[in-house]
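>>> I would like the atomic coordinates for the input below:
(2 chains)
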2 protein chains.
Amino acid sequence: MATVNQNYLKLKAGYLFPEIGRRVRAYKQAHPEARIIRMGIGDVTQPLVPAVIEGMHRAVDQMSRQETFRGYDDSGIGYEFLRKVIAEHDYKPRGVDIDPDEIIISDGAKSDTANIQELFGPENVVAVADPVYPVYVDTSVMAGRTGPADEKGRYVGLVYMPATEANGFVPEPPECHVDLIYLCFPNNPTGAVATRGQLARWVEYAKAEEAVILFDAAYEAFIADHSIPHSIYEIPGAREVAIEFRSFSKTAGFTGVRCAFTVVPRALKIGDVELRSLWIRRQTTKFNGVSYITQVGAAAVYTPEGQAQIRRTIKIYMDNAARIRQKLGQLGYTVYGGIHAPYIWLKTPTGMGSWEFFDLLLERIQVVGTPGVGFGPMGEGFLRLTAFARPEDVDEALDRFARL
Amino acid sequence: MATVNQNYLKLKAGYLFPEIGRRVRAYKQAHPEARIIRMGIGDVTQPLVPAVIEGMHRAVDQMSRQETFRGYDDSGIGYEFLRKVIAEHDYKPRGVDIDPDEIIISDGAKSDTANIQELFGPENVVAVADPVYPVYVDTSVMAGRTGPADEKGRYVGLVYMPATEANGFVPEPPECHVDLIYLCFPNNPTGAVATRGQLARWVEYAKAEEAVILFDAAYEAFIADHSIPHSIYEIPGAREVAIEFRSFSKTAGFTGVRCAFTVVPRALKIGDVELRSLWIRRQTTKFNGVSYITQVGAAAVYTPEGQAQIRRTIKIYMDNAARIRQKLGQLGYTVYGGIHAPYIWLKTPTGMGSWEFFDLLLERIQVVGTPGVGFGPMGEGFLRLTAFARPEDVDEALDRFARL
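As a prediction, the model looks like this:
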């Protein structure tokens, strides 16, 4: 008889966001008049910018005429017009020379950070930060790289690297050997960024241990300080040890449109196997490219108008973040993040638990955050607030915090 | 040190379509003046229909305004407006009662027929037809369900079911036990369809062996005879043993837009595990939904205008198929398929090999087909022609065949 993938059964049932949804619905049912302000899920609220809209309309029209209709993208890795502007605009100005053929377009950084695991053997040991974006953990479990979860929700076989107030939420490389390392900077959920020196130590570790860094840079557009690296490839030697993931989701409001890309440098090899070839083999076999319309929209992000327009949108979110930091700080809360990232990592007052504080905010001021413990045991005692809400909702939420 | 997934290294390097591309480019280089007619890759050529174009423009405009902007699709399985019309239009008229919550929207039947393998344990034995759509085989190899390939390109551990002239290209269930069975009707590459009786024997086999049928119905819209099942669920009992894959790629010209769906009935369980829950867990963890704009476009396919318009497009392709069948038949060729499917399975004359015939057509009349042997050893001696070319190109190709 057919059998199921037993690794799937190790996954904890209560995934974070469904549980939040359940509690919010229950509250809403008991208080139908309540106006709940959601600062939990990291979804954007500003519309697509005009340059993207114009590009998409143009592409839709092209799809309506036989002469300009586009079917399968034969390259299998995304249209060159998009890969070229990415290399030109996202990497060259930072002094990083990426060949457009090292850029593989996809439908999301979530998909890519998950599916990349397929390139590696089952014996690879995975390291993740704690707290961490749950996808890195769940996909490690699904791939069979872990045992079951312990009572705290930590899976046997994963190496957890505490990201704490003490280390500024940027873990040092572990003492032990690991093979695959997920790093995310600017960080979800803590909002922390890594300096050049910190990233250099990771590259050094990966070289020494012959490990591969899976670098999630989905939030790089939010970095406010020129000295902070936007790309792992700003670190010398990183091309030989790192894969980088980027996304249009937060940069350009594409959460509902789906476009991202992954950089796999030709120099990244295990033995004589180029990981780039393996990734292209994976993507051309198990994926079939991103909508032409979406890719035209993504390319429009890189026009001068597109750049000016997305900068304005990002400024709306980062102004939100600044007001959240400032107001909550004035109210006596300890807050982290929110300077180079759209996430604020809020310490719960008087040692409350994450869920306890979540429930309190929901009950008393109808503001929804994300319990830090949902991102890992070291997130206990924190709450993640996102800066993606509408400015008027952020202000309303802050007024409510003041009344609390 | 990090290690690669050794299963990837078992894959044969020369994937079919790149090799075709290489030969066509070489010919083109030697004969730059040649006008090559491509009837190889199964890509559509007719533009998106007006109803879809209008829907997409409307959705793009919605994404431009904050009040109507859509971010993440919270359901994780696709918008209900699309899942509902699918259940209503694709299943109900055939007497099949599918709950919209059993339909999970995705970006392609290729992605889904590949990724579905993750739900199953490594010990499952996979059966495929020979010849077969290469993705089923390659993804079985990547999942570690096979040994290496033999000299004919058959992988140890896979069960190959010959689809031959003798069985009308519809294999009977095997004598041995298998766990997962890929079936594709209307078939790519042979164009064969399965009758109700033939499918019923498969359902019976799956019940007896506690196997799961992975039913690829991507070409169901091309079925011309009402008595031929469009869905495996038209067979009593199939809900307990089968997953069905469908696509807008060929039905509505979405090869460059990317939208498909997979039906996993709640009744389909292994032990007490619902495969539907596992698939939703897979998709919500490793995928993040399809563009809202695309889903609005897909839903427009089901409006009365959309239906009339896609019927006209499908008729263009099936008229192509009919002319190819008729003309090549008159010229003395043996042809299969092309009645309920956009593929013509052409027997090579005088026992020529597939590649030999491919080269002959390229050299002598500059028509590109797909060598049947590229779909498996039993495809040797056949060539697949697609009916997706423009009508004027099909006529020109047939004139050239006549001169051959």
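
>>> Only the buried residues of stretch A:10-23, if you could.
Of all the residues in stretch A:10-23, those buried under the rule 16 or more other CB atoms under 10 Å in any protein chain shown are A:10-11, A:15-17, A:20, A:23. The way it works is simple: take the backbone N, C-alpha and C, and place the C-beta from them, glycine included.

>>> can you redo these as JSON lines with pLDDT?
As requested, the buried residues of stretch A:10-23 are exported to JSON lines (pLDDT from 0 to 100):
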{"residue": "A:Lys10", "pLDDT": "95"}
{"residue": "A:Leu11", "pLDDT": "92"}
{"residue": "A:Tyr15", "pLDDT": "68"}
{"residue": "A:Leu16", "pLDDT": "80"}
{"residue": "A:Phe17", "pLDDT": "80"}
{"residue": "A:Ile20", "pLDDT": "90"}
{"residue": "A:Arg23", "pLDDT": "94"}
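
>>> Quick check: the farthest pair among those?
Greatest spatial distance among the buried residues of stretch A:10-23 (CB to CB): A:Lys10 and A:Arg23, at 24.8 Å.

>>> Contacts only, for A:Val193.
A:170, A:185-187, A:223, A:228, A:339-341 (CB atoms under 8 Å, 6 or more residues apart in numbering or on different chains).

>>> change it to 10 Å
Counting by CB atoms under 10 Å, 6 or more residues apart in numbering or on different chains, A:Val193 touches A:168-170, A:185-187, A:199, A:219-220, A:222-225, A:228-230, A:337, A:339-341.

>>> tell me the pLDDT at it?
At A:Val193, the pLDDT value in this model is 98.

>>> Tell me how many other residues crowd A:Arg35.
A:Arg35: 8 surrounding residues under other CB atoms under 10 Å in any protein chain shown.

>>> Am I right that it falls within a helix?
No: under DSSP: H, G, I helix; E, B strand; the rest coil, A:Arg35 sits outside any helix and is assigned coil.

>>> what about the closest residue in space to A:Glu380 that isn't next to it in sequence, neighbour count?
Nearest non-adjacent residue to A:Glu380, counting by CB to CB, 6 or more residues apart in numbering or on different chains: A:Val373, 4.3 Å away. As a burial measure, A:Val373 scores 22 neighbours (other CB under 10 Å).

>>> Repeat that for A:Arg312.
Using other CB under 10 Å, A:Arg312 has 11 neighbouring residues.

>>> Name the SS class of it, please.
Reduced to three states with three-state DSSP, the structure at A:Arg312 is helix.

>>> That one is in contact with A:Pro47, isn't it?
No: A:Arg312 sits out of contact with A:Pro47 when judged by CB atoms under 10 Å, with a separation of 11.8 Å.

>>> So A:Tyr292 versus chain B, what's the distance?
Going from A:Tyr292 to chain B by CB to the nearest CB, to the nearest Å gives 5 Å.

>>> got the contact list for that residue?
Here A:Tyr292 is in contact with A:59-60, A:62-63, A:69-73, A:79, B:255-258 (CB under 10 Å, 6+ apart).

>>> Farthest-apart pair in those, please.
Maximum pairwise distance among those (CB to CB): 17.9 Å, between A:Val60 and A:Tyr72.

>>> These two - which one has more neighbours?
Neighbour totals were compared for A:Val60 and A:Tyr72, and A:Val60 leads with 24 against 19 (other CB under 10 Å).

>>> What separation is there between that one and chain B?
In terms of CB to the nearest CB, A:Val60 sits 5 Å off from chain B.

>>> and what of A:Met56?
Distance from A:Met56 to chain B, by CB to the nearest CB: 5 Å.

>>> from the buried residues of stretch A:10-23, which ones fall inside helices?
A:16-17, A:20, A:23 (DSSP state H).

>>> got a markdown table for the residues you listed, with distance to B:Asp399 too?
Converted to a markdown table, these look like this (distance: CB to CB, whole Å):
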| residue | distance to B:Asp399 |
| --- | --- |
| A:Leu16 | 63 |
| A:Phe17 | 60 |
| A:Ile20 | 65 |
| A:Arg23 | 69 |
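
>>> What residues does the stretch 101-250 of chain A have near chain B?
Within the stretch 101-250 of chain A, the residues that sit near chain B (CB under 10 Å from any CB of the partner chain) are A:107-115, A:117-125, A:134-135, A:138-139, A:141-144, A:177-181, A:206, A:209-213, A:241, A:247, A:249.

>>> Show me the residues you listed that map onto helices.
The helices, defined by DSSP H, take in A:109-115, A:134-135, A:138-139, A:141-142, A:206, A:209 from these.

>>> Do you know the pLDDT at the residue nearest to A:Glu380?
Reported pLDDT for A:Val373: 95.

>>> Name all residues that make contact with it.
When the contact criterion is CB under 10 Å, 6+ apart, the partners of A:Val373 are A:16, A:131, A:152-153, A:348, A:353-355, A:358, A:379-383.

>>> can you check A:Leu278 too?
Per CB under 10 Å, 6+ apart, neighbours of A:Leu278: A:116, A:118-120, A:264, A:270, B:4-5, B:8-9, B:11, B:142.

>>> quick one: secondary structure of it?
Per three-state DSSP, A:Leu278 ends up helix.

>>> can you map out the helices along chain A?
Under DSSP H, chain A gives helices at A:6-9, A:16-30, A:50-63, A:80-86, A:109-115, A:134-142, A:196-209, A:275-286, A:292-300, A:304-330, A:354-365, A:391-403.

>>> which of those helices has the lowest average pLDDT?
helix A:16-30 (a mean of 90).

>>> That one and chain B, any residue contact?
Yes: counting by CB under 10 Å from any CB, chain B has neighbours in helix A:16-30: A:17-18, A:21.
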